[in-house]
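K.L.:
Sharing a model that was predicted from the sequence below.
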Number of protein chains: 2
Amino acid sequence: MADTKIHRASTTAPVNIAVIKYWGKRDPKLNLPTNSSLSVTLSQADLRTHTTASCSASFPAGDSLLLNGQPQDVSGARTQACFRELRSLRAKLEKQDSRLPALSKYPLRIVSENNFPTAAGLASSAAGFAALVRAIADLYQLRESPMDLSLIARQGSGSACRSLFGGYVMWDVGLEASGADSKAVQVAPAEHWPEMQALILVVSSAKKGVSSTTGMQTTVATSSLFPARVASVQQRMEEMIAAVKERDFESFGRLTMRDSNSFHATCLDTEPPIFYLNDVSRAAIRVVEGINAKAGKIVAAYTFDAGPNAVIYFEEKNASAVAGVFKSRLSHLEGWAGKGEGVTASATEGIDERALTALHDGVSRVILTRVGGGPASTQESLVDESGEPIVKT
Amino acid sequence: MADTKIHRASTTAPVNIAVIKYWGKRDPKLNLPTNSSLSVTLSQADLRTHTTASCSASFPAGDSLLLNGQPQDVSGARTQACFRELRSLRAKLEKQDSRLPALSKYPLRIVSENNFPTAAGLASSAAGFAALVRAIADLYQLRESPMDLSLIARQGSGSACRSLFGGYVMWDVGLEASGADSKAVQVAPAEHWPEMQALILVVSSAKKGVSSTTGMQTTVATSSLFPARVASVQQRMEEMIAAVKERDFESFGRLTMRDSNSFHATCLDTEPPIFYLNDVSRAAIRVVEGINAKAGKIVAAYTFDAGPNAVIYFEEKNASAVAGVFKSRLSHLEGWAGKGEGVTASATEGIDERALTALHDGVSRVILTRVGGGPASTQESLVDESGEPIVKT
C-alpha cells in the first residue's frame, strides 16, 4: 500500500545585505562568482521568508511552489538544480536505509510567505532560496551542514548561500571549476557584534531597472574597469574580515562604502551603462557624509544593491546620531515602530538641506532592523495536515 | 622718452568638448595629464571667448584681467605661469632686435567677454586660457606655432591647450617630466568632417558640484579603478583617431559614450564619491539609447564633463532623428534658433516617456552647434585707443 502521509517541514530564513558585493559570475550555470563577498544577515523579526516544504505520494505529479499565494514557475534551471541536488542527497539516505520512506520520489509542494512587500525591491531571492533549501533539507532529514547546503542554495541564487547563516557571512569565491569550494562560511555569529543595526530607506521607483542577473554578466563582458574591481576585492575582503573580528566600525564602514561605490562604478562603466543609484540614493549618501563629518569619524555606512534603496549600517550607541537624523525628516513613514521607538529625531544642523528634502520627497518606507540569526525551524506550517496550502490574507 | 603707445591685439577662441576625457594629473604643478585626450572644437558662432590683450608703459603697474566686466584675480600660479612664459618669449625677441618696444616689461591689461552665460556650467576656462594665450602671443608678435603655444595654455588650464586648434584635436600625454612634449596636435581640421554637430542640454542645477581641479586629484589618490581607466585610454585613443580619420560615426559614438561612462565611473569610485550626473543626465542617456535603438545603429553619442550638462554629437544628416527628438519636448527653450531652424521636432515613438518628461522638466537651455575652427584674430577690440576697457552691457 502506498504511503499517503503528508510529510512537512517549515523554516524561516533571513535576508542578507552584502558589504562586499557579489557582482559577476565566472560560471553562470553554476553561479560561481568572480570574487568573494561578505554580508550581514538581518533580523528575521523584520525581514524573512517563511517556507514549508511538503511532499507526499498522494500529491499529483509535478513539483509546485506558491509564494505569497501566487503559483511560481519551478521549471527554471536554478530551481531545478536545487530540487535535483536535494533529492539526490535524500536518495542516498534511502539507499542506505530501506526503512526510510521514498520521499525523493514524491512530488514537492512548497509554500512560502515573505513578511515584507516584494515590490519594495529588497533582495528577496536570497531569503527565498535559503528557506527553500533549508526547508527541503529538513523535510528530507538531511545531515548536511549549512556550509554544505550553501553549495546548493548558491545554485538557486548566488547570494542565497549567505542566508544559510546568521551574523557576518563570507561567500568564498573558491578555486575549483566544479564550484565545490564556492560556499558560505560564517565569519562571526550575530552575538559577536550584536550592536550592528541597519536602516533601510525604500526609495520610490516607478520602474524596475536592469535585473542583476542580466546586469552583472553585461558588466563582466563589457566593462574595462571590472577586472580592476575583481583584483582589488580580495584585499578588501581580508580587511573587512579583520574589521568584523575586531568590531572596528570605522574600518567596516569605510570598506562598506568603498565597495558599494566600486560596484556601482563598474555598473556605470557597463555598455550600455547601468544606473541603480538615483538622485534620492545620492541624497542618502550626502546625508551619511554629513552625519560622519558631524561625528568627526565614520559612524554610518551606506551600501546599495541593484536598486536605489539605501541600507545604512551603524552601531546601536549611535542610533540617535544616525537613524535619528533620517527620522527627523521621515517620521511620517511607517517602519520606525518596534525597534525604532527608541530612536528620537535628531537635530539636522550641518546636514545638507537639499539632500534631506530629497529624502523626504523620495523615500516611501523605512525599515529599522539589526544583525540577526540564521534559518530557524518553526512549527508554524504553511501546509495543513491534508496537504493543502494555508494562504494568509 | 617713454613709449606711451597702447599696444593691442584681439582674438576669439573656441570651447572644446572632449570625447576622450582628461581626468587626472600626473604633475599638478605643470598640468601634466595621466592620459591623452581628444576633443571636438565647437563653432565660435555659438560659444567663444573674445579677448583683447593690451599693454603700455603708461598703464599703472601690475597686470589685470577683466572678464565680462568683472575684475579677476591674476595672482594665481596658473595665470602667472602663462604671463611668465609669454613674457619670456617676447623678451627673447626684444633681445634679438633692440628696435622692438620692450612690451615684455609693460603691465598687461586683458579684457575678455564670453558669448554664453558662464553660469551655465560650460567649460569656459578652456576657451578663456586659449584666448588669453593667443591674444598675448599676437600682442607680442610671437612666431611660435599653435602647438608651441599649447604648452603654455596647458599650464593655465589643461583642456585649454586643445582650444588652440579647430576641428579634432588631441592632447598628447607626453613622456617627459618637464612636460615639453605634453601638447595639443590637430588630428583633423573641421573641414575634414564638417557634418559633426553637437546639441548641448544645459541642465538646471541649483548647486555647483565638486570642482574638476579638486575632483580629479581625489580620484587619482583614492580610486582603485582609476589605473585601469588610464591603462585602457591609450587603446581607445588610437581607435578614436582612426574613427575621426575615417569619419566613422558609429565608432566615434561608441568610443565617446564608453569614455564618458568610464570617466564618471572613476568619479563614483572616488572617496568620497563624486557625482556629476544626475537624474536629468541619466534621462538624456536613455533618450540617446532610444534614438540609437530606433535607428538600428549609433547615430547619436552623449558625453558629460564635470557637471550634469549633456553634449550630444551627431551628423548633420541625422539632425532630425537626433536633435529633432529632443526638440519635440524642448521646443519652448531658446537655443534652437539659427542653426536649429532646420531641425524639426520628430516623433518620439519608442523613446522612453519618463526620460523625455525628465528632460522637459530639467533642461533649462539648449545650444545647437557644430564643429568649428580655431582661434581667430579680430579687429574688434575690447580695449579702446586710450587703453580703457570697452565693457559691453
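P.N.:
Received the coordinates, thanks.

K.L.:
Quick check: residues of the stretch 201-350 of chain A near chain B?
P.N.:
Proximity of the stretch 201-350 of chain A to chain B, by CB under 8 Å from any CB of the partner chain, involves residues A:206-207, A:223-225, A:227-229, A:232, A:257-258, A:261-262, A:264-266, A:268-273, A:275, A:278-279, A:282, A:285, A:289. Every residue, glycine included, has its C-beta placed from N, CA and C.

K.L.:
Can you say which of those are buried?
P.N.:
Among these, those classed as buried by 16 or more other CB atoms under 10 Å in any protein chain shown are A:223-225, A:227-229, A:232, A:257-258, A:261-262, A:264-266, A:268-270, A:272-273, A:275, A:278-279, A:282, A:285, A:289.

K.L.:
Touching stretch A:376-383 from outside, list them.
P.N.:
Applying CB atoms under 8 Å, 6 or more residues apart in numbering or on different chains, the external contacts of stretch A:376-383 come out as A:6, A:8-12, A:44, A:50-52, A:54, A:109, A:111-113, A:138, A:389-391.

K.L.:
can you rerun that using 6 Å?
P.N.:
With contacts defined as CB atoms under 6 Å, 6 or more residues apart in numbering or on different chains, stretch A:376-383 is touched by A:8, A:10-12, A:52, A:54, A:111, A:389-390.

K.L.:
What segments of chain A are helices?
P.N.:
Assigned by DSSP state H, chain A shows helices spanning A:77-96, A:124-139, A:146-156, A:212-222, A:226-245, A:249-268, A:279-295, A:319-330, A:353-362.

K.L.:
So which of these is the most surrounded?
P.N.:
helix A:124-139 (a mean of 28; mean count of other CB atoms under 10 Å in any protein chain shown).

K.L.:
and the residue nearest to residue A:278 when sequence neighbours are not counted, what pLDDT?
P.N.:
Excluding the flanking residues, the one nearest residue A:278 by CB to CB, 6 or more residues apart in numbering or on different chains is residue A:308, at 4.8 Å. For residue A:308, the model assigns a pLDDT of 94.

K.L.:
Could you do residue A:391 as well?
P.N.:
Listed pLDDT for residue A:391 reads 77.

K.L.:
Would you enumerate the residues in contact with it?
P.N.:
By CB under 6 Å, 6+ apart, residue A:391 lies in contact with residue A:69.

K.L.:
quick revisit: just put the helices of chain A in CSV and tack on mean pLDDT.
P.N.:
Shown next, in CSV, are the helices of chain A (pLDDT from 0 to 100):
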stretch, mean pLDDT
helix A:77-96, 97
helix A:124-139, 96
helix A:146-156, 97
helix A:212-222, 92
helix A:226-245, 97
helix A:249-268, 98
helix A:279-295, 97
helix A:319-330, 95
helix A:353-362, 95
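
K.L.:
Between the two ends of stretch A:267-280, how far is it?
P.N.:
18 Å (CA to CA, to the nearest Å).

K.L.:
before we move on, what about stretch A:374-391?
P.N.:
Criterion CA to CA; first-to-last residue distance in stretch A:374-391 is 24 Å.

K.L.:
Endpoints of stretch A:99-116, how far apart?
P.N.:
Length of stretch A:99-116, first residue to last, CA to CA: 41 Å.

K.L.:
what does it contact?
P.N.:
By CB under 6 Å, 6+ apart, stretch A:99-116 touches A:3, A:7, A:47-57, A:59, A:61-68, A:87, A:90-91, A:94, A:124, A:140, A:382-383, A:389.

K.L.:
how much distance is there from that stretch to the middle of the chain?
P.N.:
22 Å (CA atoms, centre = their mean, to the nearest Å).

K.L.:
wait, doesn't residue A:11 sit right on residue A:135?
P.N.:
Yes. The criterion here is CB atoms under 6 Å, and residue A:11 meets it with residue A:135 at 4.6 Å.

K.L.:
Which neighbours do these two have in common?
P.N.:
Shared between the contact lists of residue A:11 and residue A:135 (criterion: CB under 6 Å, 6+ apart) are residues residue A:51.

K.L.:
How far does stretch A:152-171 sit from its chain's centre?
P.N.:
8 Å.

K.L.:
buried sites along it?
P.N.:
Neighbour counts over stretch A:152-171 (16+ other CB under 10 Å) mark A:152-171 as buried.

K.L.:
quick one: contacts of that stretch?
P.N.:
Contacting residues not belonging to stretch A:152-171 are listed as A:13-14, A:16, A:22, A:31, A:37-39, A:41, A:78, A:81-82, A:85, A:125-127, A:129-130, A:133, A:146, A:149-150, A:184-190, A:244, A:372-374 [CB under 6 Å, 6+ apart].

K.L.:
May I have it as CSV, with CA atoms only?
P.N.:
Output in CSV follows, covering the C-alpha atoms of stretch A:152-171 (Å, rounded to 0.1, in the frame of the first residue of the first chain):
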residue,chain,number,x,y,z
ILE,A,152,23.1,24.0,-3.3
ALA,A,153,21.4,27.4,-2.4
ARG,A,154,24.1,29.1,-4.4
GLN,A,155,22.9,27.4,-7.5
GLY,A,156,19.4,28.8,-6.8
SER,A,157,20.5,32.4,-6.3
GLY,A,158,24.2,33.3,-5.6
SER,A,159,23.6,35.5,-2.6
ALA,A,160,21.2,32.9,-1.1
CYS,A,161,24.2,30.9,0.1
ARG,A,162,25.0,33.6,2.6
SER,A,163,21.4,33.5,4.1
LEU,A,164,22.0,30.0,5.5
PHE,A,165,24.0,31.6,8.3
GLY,A,166,23.3,34.4,10.8
GLY,A,167,25.7,37.1,11.7
TYR,A,168,28.6,38.0,9.4
VAL,A,169,28.9,35.7,6.5
MET,A,170,31.5,35.3,3.7
TRP,A,171,30.9,33.6,0.4
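
K.L.:
out of the buried residues of stretch A:152-171, which are inside strands?
P.N.:
A:168-171 (DSSP state E).

K.L.:
Tell me if I'm right that residue A:16 and residue A:37 touch.
P.N.:
No. Judged on CB under 6 Å, residue A:16 makes no contact with residue A:37 at a distance of 9.7 Å.

K.L.:
Distance of the residue nearest to residue A:47 when sequence neighbours are not counted relative to residue B:81?
P.N.:
If the residues on either side of it in the chain are set aside, residue A:47 comes closest to residue A:15, at 4.2 Å by CB to CB, 6+ apart. Distance, residue A:15 to residue B:81, using CB to CB, to the nearest Å: 57 Å.

K.L.:
How about residue A:379?
P.N.:
Using CB to CB, residue A:379 is found at 78 Å from residue B:81.

K.L.:
same deal with residue A:32?
P.N.:
With CB to CB as the criterion, residue A:32 and residue B:81 are 54 Å apart.

K.L.:
Can you tell me the closest non-neighbouring residue to the residue in chain A positioned nearest to chain B?
P.N.:
Chain A approaches chain B most closely through residue A:228 (3.5 Å), counting by CB to the nearest CB. Spatially, and ignoring its direct neighbours in sequence, residue A:228 is nearest to residue B:228 (3.5 Å; CB to CB, 6+ apart).

K.L.:
shouldn't the one you found be in contact with residue A:226?
P.N.:
No. Contact between residue B:228 and residue A:226 fails when scored by CB under 6 Å: they sit 8.4 Å apart.

K.L.:
still on that earlier bit, need the contact list for the residue nearest to residue A:47.
P.N.:
Residues in contact with residue A:15 (CB under 6 Å, 6+ apart) are A:42, A:47, A:127.
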